[in-house]
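Q: Build the 3D model from these lines:
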Amino acid sequence: MSLTLGLIGTFATLAIYSVIFSQVANKFGAHTNYESVLKICWYQSAYTQFLSIMIGLIEIVLIIVAKGLGFYEASSTLGLTIFNYFFKIVNLGTFIWFLWVSLSLMARQIEKGRLATFGIGILASLIPVVFIGILVGLVMLATSR
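A: All right, here's what the predicted structure looks like:
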């Protein structure tokens, strides 16, 4: 049940974002529609989740191997800290790679450069934030006396 609701919520969020993104991109001279942007967003989401699961499984296997070989009991705190930071650096590198792939896919879809696509994505992400901020401000004004 929660998986179904999560998928429905993800699809709704991606649908709203793709409509906003396509409108902003069209204002900047791109010729796209929200269906094609939604398709790219859905592929990006699935690609990111799949690769995140694979990296997590690799981390779990490496931790099990390290425990099996006795690295945890025999190593110092410094060794475990280095092991931990190694995984954080791998995760950061993977995030940067995901961002690059996402920008490349979206730039190809809207026929703009990566930097223009990044700017359009930032603007499209700020629109819901400003809208929610205005709504919160109105609620705060309405409830204050």
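
Q: So which bits of the helix or strand containing A12 are buried?
A: Secondary structure from DSSP states H and E places A12 in helix 2-27. For helix 2-27, burial by neighbour count (16 or more other C-beta atoms under 10 Å) applies to L14, A15, Y17, S18, V19, I20, F21, S22, V24, A25. Every C-beta, even on glycine, is put in place using the N, C-alpha and C of the backbone.

Q: could you point out which element follows the worst-scoring helix or strand of the chain on mean pLDDT?
A: Least confident helix or strand, the chain: helix 71-74 with a mean of 64, by mean pLDDT, DSSP states H and E. Reading on from helix 71-74 to the C-terminus, the next helix or strand found by DSSP H and E is helix 77-110.

Q: other SSEs contacting that next one?
A: Counting contacts by 3 or more C-beta pairs under 8 Å, 6 or more residues apart in numbering; DSSP states H and E, helix 77-110 is packed against helix 34-68, helix 71-74, helix 114-143.

Q: Could I have the CA atoms of stretch 117-128 written out in PDB?
A: In PDB, the C-alpha atoms belonging to stretch 117-128 read as follows (Å, rounded to 0.1, in the frame of the first residue of the first chain):
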ATOM      1  CA  THR A 117      19.000  23.600 -19.000                       C
ATOM      2  CA  PHE A 118      20.500  24.000 -15.500                       C
ATOM      3  CA  GLY A 119      19.200  27.500 -15.200                       C
ATOM      4  CA  ILE A 120      15.700  26.500 -16.500                       C
ATOM      5  CA  GLY A 121      15.700  23.700 -13.900                       C
ATOM      6  CA  ILE A 122      16.600  26.100 -11.100                       C
ATOM      7  CA  LEU A 123      13.900  28.500 -12.200                       C
ATOM      8  CA  ALA A 124      11.300  25.700 -12.500                       C
ATOM      9  CA  SER A 125      12.200  24.400  -9.000                       C
ATOM     10  CA  LEU A 126      11.900  27.900  -7.400                       C
ATOM     11  CA  ILE A 127       8.300  28.500  -8.700                       C
ATOM     12  CA  PRO A 128       6.700  25.900  -6.300                       C
END
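
Q: what does that stretch rub up against?
A: Residues from elsewhere that reach stretch 117-128 (C-beta atoms under 8 Å, 6 or more residues apart in numbering): 16-17, 20-21, 24-25, 28, 30, 103, 106-107, 110, 112.
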